[in-house]
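**Q** This is a predicted model, with the sequence first.
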Amino acid sequence: MAYKVILIENNRVMLERLSSVLRGVEGFELEARFQQAGDALGQGAMYQPNLILLDIDSGHNLALIPEFASTFPSAAILCLSDNWDANNAARMVQSGAKGYLLKPFTAKEFLEAVDTFGKTGMAASSETIAFFSPKGKSGKTTLISNLALSLARKSGEAVGVIDADLQFGDLSVFFNLSPKSTIVEASRDVKFLSPVTLNSYFVEVPEVDKMKILCGTKKPDYAELVDIHSFEEVVKMAQSLFRYILIDLPPGFNPISISAVELSSRTYLTAMISGGYEIHHMKRALEIFKVLPDCDAKIKPVFTRVSPCDENQRRWLSNELNFEVNAILPNEYLMVSAAANNGKMAVESKTNSPLVANINKMADEIIRRGGAS
């Protein structure tokens, strides 16, 4: 597909710089360039563009996006800005733009933006889901890995997983990944990033379309390099890239886990039944979460390795907690381990197992909820 490009940039020096980049990109023709958005609206139709690059730092250009979308219905609109701003990004998508690119950009960054946003655009809304456990060994990471895969395949939409268990996250091990960049680098660089450049920090999962992972730290002592503000910016920016974001959190309460819960639309509170004090620990965690004004709607308890795994047991657990249990998963440790040893998730290798059926049920409920919102 050949692209006919119109560039709107108020700053003359920046206009020349960006024009030089665009003229060197194969498959793209810079048909016209304007310093004033009004001139582009009045004169641009004669060039029949299918891609518009609009500077939103200038004047009221952000408010003009609906008019550009109406005047050029066949053109994708990518907005240009000196800095990333989550609020502007949300307004931009709601107004009809496809993506957001920081300027100045290189030819590589420009092509990545077109590839990332050209077909589907930035996510107009994102379902962010945090996974928290009061203590370790809850089956949380196994649940996240399989649920993310199920969501990607059932919804056909982009799913991003963020490993925020900063000291001992192991999602990269689950998927046999060797990331060049991790959450440490993403947090360090976030103030210089836009969604398209953050996207490159996420690693594609082999043979799984629409699913990417921002892997955890390579060493436990690197955890201190991720500060709260940067972590929050990474999550907010990722919300422009992915329809569903799943965040794996460390056990126990800490600033990162609290921040992720606040940013999430729902939080799965996870514990594994092993004959210990899991229900007691879940009750204590719920007492802390109850300070949230929307606790009943936002916090979703999940128990793993439940036997018998049936509706009666779910109701019993709900009564014990005095809080509705969202889901229970059966004990299929051997099946999960065998699948992992073969480099696969359970939802890939044992599609008719009770565990997979329950995980798929959770995915269906998330997708339905997202569609309703």
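**A** Right, received. Where do you want to start?
**Q** From now on I want contacts and neighbour counts done on CA atoms only, so please keep to that.
**A** OK.
**Q** Count the residues that sit near Pro220.
**A** 13 (other Cα atoms under 10 Å).
**Q** For it, list the residues it contacts.
**A** Residues in contact with Pro220 (Cα atoms under 8 Å, 6 or more residues apart in numbering) are 166-168.
**Q** Any stretches of the stretch 101-250 of the chain with poor pLDDT?
**A** Within the stretch 101-250 of the chain, the segments meeting pLDDT under 70 span 118-124.
**Q** per-domain residue ranges of this protein.
**A** 3-117, 127-372 (automatic domain parsing).
**Q** so how far does the shortest one reach from one end to the other?
**A** Across its full length, domain 3-117 reaches 14 Å end to end, with Cα to Cα, to the nearest Å as the criterion.
**Q** how close does Leu64 sit to Ala37?
**A** With distances taken as Cα to Cα, Leu64 is found 8 Å from Ala37.
**Q** The two: which is more packed in?
**A** Applying other Cα under 10 Å to Leu64 and Ala37 shows that Ala37 carries more neighbours, namely 24 against 17.
**Q** the strands in the stretch 251-373 of the chain, which residues?
**A** 266-272, 299-306, 327-330 (DSSP state E, counting those that start in this stretch).
**Q** Is it possible to get a markdown table of these that adds mean pLDDT, mean neighbour count and distance to Arg188?
**A** Shown next, in a markdown table, are the strands of the stretch 251-373 of the chain (pLDDT from 0 to 100; neighbours: other Cα atoms under 10 Å; distance: least, Cα to Cα, whole Å):
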| stretch | mean pLDDT | mean neighbour count | distance to Arg188 |
| --- | --- | --- | --- |
| strand 266-272 | 94 | 24 | 26 |
| strand 299-306 | 94 | 23 | 30 |
| strand 327-330 | 93 | 22 | 36 |
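**Q** any chance of these in TSV, with distance to Ala130 too?
**A** Output for those, formatted as TSV (distance: least, Cα to Cα, whole Å):
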stretch	distance to Ala130
strand 266-272	5
strand 299-306	10
strand 327-330	15
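**Q** and of the ones you listed, who's closest to Lys108?
**A** Closest approach to Lys108 among the strands of the stretch 251-373 of the chain (Cα to Cα): strand 266-272, 36.0 Å.
**Q** Each with direction, which strands does the closest one pair with?
**A** As defined by DSSP bridges, the strand partners of strand 266-272 come to strand 127-132 (parallel), strand 299-306 (parallel).
**Q** Just the CA coordinates for it, please, in CSV.
**A** Output in CSV follows, covering the C-alpha atoms of strand 266-272 (Å, rounded to 0.1, in the frame of the first residue of the first chain):
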residue,chain,number,x,y,z
ARG,A,266,-10.2,-5.3,38.6
THR,A,267,-7.8,-7.3,40.8
TYR,A,268,-7.8,-11.1,41.1
LEU,A,269,-6.9,-12.0,44.7
THR,A,270,-5.3,-15.4,44.4
ALA,A,271,-4.5,-18.2,46.8
MET,A,272,-3.7,-21.9,46.5
